[in-house]
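**Q** fold the following, please.
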Amino acid sequence: MIKNKIAIESTDLSNLAKAKSMLPKLSKEEEAFISDLPKEFKIDCPYFMQEKMHYSGAACVQMLSAFHGDPVPNQEDVAHSAGWDNWRFANHESLSEDLVRHMARRNFVPAIYYPGRHILPNFDVGIDGVDFISGNRDVMAEIDFSYFKALLVNSRSPMFVRLHFNTTQYPMPEEMAQKLDHTGHGVLIVGYNEEGFIINDPWNRDEWGGTRGGKDTLITYFEMRHEGPAVNCCLDLIGSFTKPQAFIQVPPMAVYQERKLDLDLVIQSIGIPGIQSDIYCLENISVGLRVDDNLKSDSPLKIETSESLYPGKEVRIPISVTTGEKTGSFPIYARVQASLKIPAYKWEELGKEELITITTDVATRIDVKDKEWLNRYGRH
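**A** Predicted structure coming up:
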């Protein structure tokens, strides 16, 4: 039985419609994807405990790095680099931006959703917008939780959230709790079921006590909605951090000696456009090509495009090569480079605009057959 489930009353439907009208409009495909989500979903993510009471974010960086096959960094190094080493100076107003900057420097592409990004500009006074979001918590949670699930299923990678808490859940000195609850406790969403979200919570319960902490633990929807909602200035913020995606699409045609081949280098950013499309895009995309001596590149070895790449979108760069006289399998290499612009937001005390370079290497092989052999193959 699902406990503490709260249904949206008919009186709330007008506010639900109003909230949806201010959020990005989803395409029919995106709406269908959300409506057809599985009832349960789970990914396996490596688990790390935090080494200090305020190192939840650093432990989440370790888990994300391990999940994506990167070397696992030292928590002290992460905390120092991200500005989290002294909890007395942890800044709620910039913690999510600090995480974005840190993960981008580790060559991760960020994609963020929070309702205030879209709803607050519709109000002349910011506090009125916060009142609307916070005052319609059940309505907003109904939307936000469906988005959380959709982003998890779409990316198939852990989603970062910060949670409000109390010192029964995470025992710590009052002075520390006043600061850290303001900032939020970092966890990774790794799944969901009918009762709630499944999280990797890095809190060391064996050493520090409390009621939370551990791999694949459950936090109910009721608890996330009312007792310990996700931290942001008004409600709910979720972030995904994935590695840059690119591949070379080989042509659907016979490949033999001295034939021109038109290929596509496809660069993708994981996400759902209707939810995340207006934050953190990749720009100044360039490609460096290197082909085997038995292939001839008909495209420049350095290709640039003016297209921008937003979460959930892709950029296609055409590449042409001509095969030579020899048969065999010959490699093509490409290095993709792009700029991620992270602005200095008005609410940040010390934030500075930053341009971070994101790179990924791509390789494929062109299998060149003998033309005469192809003409005989399979024929009687």
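
**Q** quick check, I248 in a helix?
**A** No. According to DSSP: H, G, I helix; E, B strand; the rest coil, I248 belongs to no helix; its state is strand.

**Q** where's it relative to D262, distance?
**A** I248 is 12 Å from D262, where distance means CB to CB, to the nearest Å. C-beta: built from backbone N, CA, C; applies to glycine.

**Q** the two: who's more crowded?
**A** Neighbour count, other CB atoms under 10 Å: between I248 and D262, I248 has more, with 19 against 13.

**Q** can you classify the residue nearest to the more buried one when sequence neighbours are not counted as helix, strand or coil?
**A** Using CB to CB, 6 or more residues apart in numbering and skipping residues adjacent in sequence, the residue nearest I248 is T364, 4.2 Å away. Classification of T364 into helix, strand or coil gives strand, according to three-state DSSP.

**Q** just the one 10 residues further on next, same as before
**A** Each residue gets one of three states, and L374 gets helix by three-state DSSP.

**Q** one more: S299?
**A** Counting by three-state DSSP, the backbone at S299 sits in coil.

**Q** so which elements touch the helix or strand where L99 lies?
**A** Take DSSP states H and E as the rule and L99 turns out to sit in helix 95-105. Taking 3 or more CB pairs under 8 Å, 6 or more residues apart in numbering; DSSP states H and E as contact, the helices and strands that helix 95-105 lies on are helix 56-67, helix 75-82, strand 109-113, strand 159-163, strand 238-242, strand 328-342, strand 354-368.

**Q** does anything pack onto the first one? Which helices or strands?
**A** I take that to be helix 56-67. Under the contact rule (3+ CB pairs under 8 Å, 6+ apart), helix 56-67 is packed against helix 75-82, helix 95-105, strand 185-192.

**Q** what is the rounded mean pLDDT of the longest one?
**A** Mean pLDDT, helix 95-105: 88.

**Q** where does D85 sit: helix, strand or coil?
**A** Recorded secondary structure, D85: coil (three-state DSSP).

**Q** kindly list the main-chain dihedrals of it?
**A** Backbone geometry at D85, expressed as degrees, to the nearest 10, gives phi -70, psi -30.

**Q** re the thing from before, could I get the helices and strands packed on helix 95-105 as JSON lines with mean neighbour count?
**A** Output for these, formatted as JSON lines (neighbours: other CB atoms under 10 Å):
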{"stretch": "helix 56-67", "mean neighbour count": "25"}
{"stretch": "helix 75-82", "mean neighbour count": "18"}
{"stretch": "strand 109-113", "mean neighbour count": "25"}
{"stretch": "strand 159-163", "mean neighbour count": "24"}
{"stretch": "strand 238-242", "mean neighbour count": "25"}
{"stretch": "strand 328-342", "mean neighbour count": "18"}
{"stretch": "strand 354-368", "mean neighbour count": "15"}
